[in-house]
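Chemist: show me how the following folds:
(one chain, ligands or ions: 1)
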Amino acid sequence: MKRIILSSLLLAWQFSATAQSTSKLIGADKAIDPYHYTSVKSNTFDHASVACAHPLASAVGAEMMKQGGNAFDAAVATQLALAVVYSNAGNIGGGGFLVARKADGKNLALDYRETAPSKASRDMYLDKNGNAQTLLSQFGHQASGVPGTVAGLFATALHGKLPFKILIQPAIELAEFGYCITEREAAALNSVRESLTKNSTGASAFVKENNLPAGRQGWKAGDTLIQKDLAETLKRIRDNGQKGFYEGKTAELVVEEMKKGGGIISLEDLKNYKVRTRNALEFNYKGNTIIGMPPPSSGGLIVWQLMKMMEKRPLASYGFQSTKSVQLMVEAERRSYADRAEFMGDPDFWKVPVKTLTSDAYIKNRMADYDSNKATPSKDIKAGIIKESEETTHISIIDQYGNMISITTTLNNSYGSRTVVAGAGFIMNDEMDDFSVKPGVANMYGALGGEANAIQPGKRMLSSMTPTLVLDKNRKPLIVAGTPGGTTIPTSVFQTLVNILDFGMNATDAVNKPKFHHQWMPDEVMLEKGFNEDVKKELQSMGYKVSERGAIGRTEVIRILANGKREVAADKRGDDSVSGF
Ligand code: GLY
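Modeler: Sure thing, here's the model as predicted:
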């Protein structure tokens with residue numbers, strides 16, 4: 001087996017360290033060297049590929065497929081590796097969604113979103129005066145929902161070919177013997193040092209040194225991060241299956257941590273966690289088939305609405321990111337996000353009117369007041385009338401057998417609630433903030449919500465995650481796409497898809513071109529750094545409030561070319577990397 005190639009297209013780092021491991025795969029002299037690695041931003045492969053947020057995790061996934069595993073094996077191994085090497089969003093303490101198109105032509109949608117604990121209640125984040133305490137829904141022990149990721153991994157592995165113990169072994173060794181962190185990771189860990197300390201009851205591997213003299217940072221690029229407690233947790237999962245997380249010692253450590261910090265997750269909550277298999281959304285866009293995640297994610301529905309709002313308009317003829325095309329897309333985004341706030345929530349608790357929201361008549365009516373000359377103020381846009389009742393991470397995979405998988409998984413905020421489970425070494429999510437804690441009060445992404453997304457015990461909080469697949473006109477695999485980015489996720493996926501399908505871009509350009517975002521409220525267009533200045537000024541002159549922001553998303557795209565090769569692109573905005581063969 002070949003070591004990870006050290007020639008980088010855009011970015012490279014090399015570190016040296018010595019450590020011992022027992023793996024056939026992981027080690028200084030093995031196929032995947034955790035101390036010398038690099039980010040590869042784009043490549044074209046003949047058979048199989050993975051694009052995700054970290055080079056080591058991409059390599060682990062690709063190696064599983066090289067050893068005869070399929071995309072589902074790669075999905076499990078990559079997520080587990082990300083839980084070790086990308087601790088700000090890769091996780092076992094969070095949740096996610098998987099959308100797959102199997103080689104036999106069947107769709108699969110797995111919902112392993114976190115659930116509200118049984119002791120959760122609608123007003124749990126309101127003080128005695130009824131004011132929302134969003135710090136509690138965003139940080140610390142009360143912010144966590146019951147994690148779904150480990151159950152999701154086992155549900156995914158049912159479709160794989162390799163034993164789970166093979167899939168989890170690279171993650172165990174990356175945790176036990178360590179890996180070298182990148183400059184970006186060092187900076188991220190340093191930036192949350194105080195917050196991790198404040199919100200956790202014990203010491204953790206993520207805090208290198210306490211009591212640092214003023215001005216001294218703990219972590220630097222090239223340092224080795226060793227996570228012994230996490231390695232032991234992963235071994236319990238390897239040896240006891242799902243029960244190694246949801247029952248026994250790991251569950252007890254979670255509940256102990258919760259009790260010490262005022263959290264409410266119980267042993268019963270963990271034991272009762274269930275993955276839901278949903279019906280993937282499927283719709284036609286100009287002859288292509290788009291497959292997406294249904295509620296409790298809003299992502300698939302938003303992309304469906306946005307694409308349909310575009311379909312009958314000559315978007316390509318307006319030009320890529322011309323004022324005309326951006327303004328049209330912004331107005332569509334505004335309307336769709338107003339619907340999100342009103343109608344979308346966990347379908348096990350709230351009837352989401354999927355059929356109506358995506359019907360031709362509804363979509364046409366939604367854009368009836370669109371004015372191509374000026375901004376429509378969001379205060380004038382309500383949710384449509386119907387008669388029936390920013391840290392996350394994405395993995396795109398295709399294998400040599402024709403299975404394609406899109407997975408988005410999250411702790412919500414970067415490093416989640418900042419609570420590390422003492423003795424178990426993993427970070428808990430702060431997904432409770434994705435509920436509407438009070439009507440009219442924005443969550444951390446500025447998103448509003450109401451009754452549909454109110455807190456109830458056992459309910460899944462509304463998500464924006466948008467794992468997406470596209471089939472071509474002959475229903476053959478064409479695109480695997482997705483991104484992190486909170487509420488910007490559906491708009492980034494939408495723009496990535498039209499970049500390829502309408503503006504004819506390759507995967508790398510589709511991923512890396514600047515993005516823009518409108519989410520109804522706040523009533524402003526966010527433009528990513530690097531966006532065309534002239535278009536910005538023209539939008540302002542049409543009445544748009546415009547704000548500039550840093551990176552929007554980290555999109556991972558696989559585009560299957562006419563000759564069957566897999567063109568893969570990892571976002572330039574992070575350490576993201578592709579791997580394959
Ligand atoms: N926590 C981000 C999302 O699920 O949309």
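Chemist: who's the residue in the stretch 251-400 of the chain positioned nearest to the ligand bridged to?
Modeler: Residue nearest to the ligand within the stretch 251-400 of the chain: residue 392 (5.2 Å; Cβ to the nearest ligand atom). Where C-beta positions appear, they are placed from N, C-alpha and C, glycine not excepted. Note on residue 392: beta-bridge partners by DSSP bridges are residue 410.
Chemist: would you agree it is in contact with residue 489?
Modeler: Yes: taking contacts as Cβ atoms under 8 Å, residue 392 lies within contact range of residue 489: 7.1 Å.
Chemist: looking only at neighbour counts, state which of these two leads.
Modeler: Neighbour count, other Cβ atoms under 10 Å: between residue 392 and residue 489, residue 489 has more, with 33 against 28.
Chemist: please report how far the nearest residue to the more buried one once chain neighbours are set aside lies from residue 301.
Modeler: Nearest in space to residue 489, with sequence neighbours left out and distances taken as Cβ to Cβ, 6 or more residues apart in numbering, is residue 464 at 4.5 Å. For residue 464, the distance to residue 301 equals 10 Å [Cβ to Cβ, to the nearest Å].
Chemist: these two: which is more packed in?
Modeler: Set residue 464 next to residue 301 and count neighbours by other Cβ under 10 Å: residue 464 wins out with 29 against 26.
Chemist: next up, the contacts around the more buried one.
Modeler: Residue 464 sits next to 297, 298, 299, 302, 445, 447, 485, 486, 487, 488, 489, 490 when contact means Cβ atoms under 8 Å, 6 or more residues apart in numbering.
Chemist: which residue does the stretch 101-250 of the chain bring closest to the ligand?
Modeler: Counting by Cβ to the nearest ligand atom, the stretch 101-250 of the chain gets nearest to the ligand through residue 113 (7.6 Å).
Chemist: burial count for that residue?
Modeler: Neighbours of residue 113 under the rule other Cβ under 10 Å: 32.
Chemist: check contacts around it.
Modeler: Residue 113 neighbours (Cβ under 8 Å, 6+ apart): 95, 96, 97, 145, 148, 296, 297, 431, 460, 461, 463.
Chemist: now it: how far from residue 126?
Modeler: Look at residue 113 and residue 126: by Cβ to Cβ, they are 23 Å apart.
Chemist: same check, this time on residue 97
Modeler: Counting by Cβ to Cβ - residue 97 and residue 126 are separated by 29 Å.
Chemist: residue 296 too?
Modeler: For residue 296 relative to residue 126 (Cβ to Cβ), the value is 23 Å.
Chemist: show me where pLDDT drops low in the stretch 251-400 of the chain?
Modeler: 385-390 (pLDDT under 70).
Chemist: helices along that one, start to end?
Modeler: Under the criterion DSSP state H, counting those that start in this stretch, the stretch 251-400 of the chain contains helices at 267-271, 299-311, 315-318, 323-343, 354-357, 360-366.
Chemist: just to check, residue 320 is in contact with residue 499?
Modeler: Yes: the pair residue 320 / residue 499 is scored as a contact, 7.3 Å apart, by Cβ under 8 Å.
Chemist: name the residues contacting each of these two.
Modeler: Jointly contacting residue 320 and residue 499 under the rule Cβ under 8 Å, 6+ apart are 505, 513.
Chemist: is residue 271 in contact with residue 246, as I believe?
Modeler: Yes: at 5.6 Å, residue 271 counts as touching residue 246 under the criterion of Cβ under 8 Å.
Chemist: neighbour count winner among the two?
Modeler: Between residue 271 and residue 246, counted using other Cβ under 10 Å, residue 246 has the larger neighbour count: 23 against 12.
Chemist: so who does the more buried one touch?
Modeler: So residue 246 contacts 150, 151, 270, 271, 273 (Cβ under 8 Å, 6+ apart).
Chemist: quick one: residues contacting the second one.
Modeler: Under the criterion of Cβ under 8 Å, 6+ apart, the contact partners of residue 151 comprise 112, 242, 246, 273, 274, 275.
Chemist: rerun that using 6 Å as the cut-off
Modeler: By Cβ atoms under 6 Å, 6 or more residues apart in numbering, the residues touching residue 151 are 112, 242, 273, 275.
Chemist: next one: the strand or helix carrying residue 229 to chain centre, how far?
Modeler: With elements taken from DSSP states H and E, the one containing residue 229 is helix 228-240. In this view, helix 228-240 has its centroid 24 Å away from the chain centroid, taken as Cα atoms, centre = their mean, to the nearest Å.
Chemist: the helix or strand that comes right after that helix: how far from the chain's middle?
Modeler: Per DSSP H and E, the first helix or strand lying C-terminal to helix 228-240 is helix 243-246. Taking Cα atoms, centre = their mean, one finds the center of helix 243-246 at 23 Å from the center of the full chain.
Chemist: what does the pLDDT read for the closest residue to the ligand within the stretch 301-450 of the chain?
Modeler: The stretch 301-450 of the chain approaches the ligand most closely through residue 412 (4.0 Å), counting by Cβ to the nearest ligand atom. Confidence at residue 412, expressed as pLDDT, is 96.
Chemist: residue contacts, it?
Modeler: With contact taken as Cβ under 6 Å, 6+ apart, residue 412 is in contact with 429, 430, 431.
Chemist: could you redo the last one with a cut-off of 7 Å?
Modeler: 429, 430, 431, 433, 434 (Cβ atoms under 7 Å, 6 or more residues apart in numbering).
Chemist: for stretch 143-153, the averaged confidence score.
Modeler: Rounded mean pLDDT across stretch 143-153 is 98.
Chemist: re earlier: so what's the residue of the stretch 251-400 of the chain closest to the ligand up against?
Modeler: 89, 408, 409, 410, 465, 484, 485.
Chemist: now the buried members of those residues.
Modeler: By neighbour count, with 16 or more other Cβ atoms under 10 Å, the contacts of residue 392 hold 89, 408, 409, 410, 465, 484, 485 as buried.
Chemist: biggest separation within those residues, which pair?
Modeler: Taking Cβ to Cβ as the measure, the buried ones among the contacts of residue 392 span a maximum distance of 13.3 Å, between 409 and 485.
Chemist: what packs against the host helix or strand of residue 509?
Modeler: Using DSSP H and E, residue 509 sits within helix 507-512. In terms of contacts (3 or more Cβ pairs under 7 Å, 6 or more residues apart in numbering; DSSP states H and E), helix 507-512 is packed against helix 488-501, strand 556-560, strand 566-570.
Chemist: in that helix, which residues are buried?
Modeler: Buried residues in helix 507-512, counted by 16+ other Cβ under 10 Å: 507, 508, 510, 511, 512.
Chemist: then stretch 292-312?
Modeler: By neighbour count on 16+ other Cβ under 10 Å, the buried set for stretch 292-312 is 292-310.
Chemist: show me what contacts the nearest residue to residue 145 once chain neighbours are set aside?
Modeler: Excluding the flanking residues, the one nearest residue 145 by Cβ to Cβ, 6+ apart is residue 114, at 3.0 Å. The contact partners of residue 114, by Cβ under 7 Å, 6+ apart, come to 94, 95, 145, 146, 147, 148, 429, 431, 460, 461.
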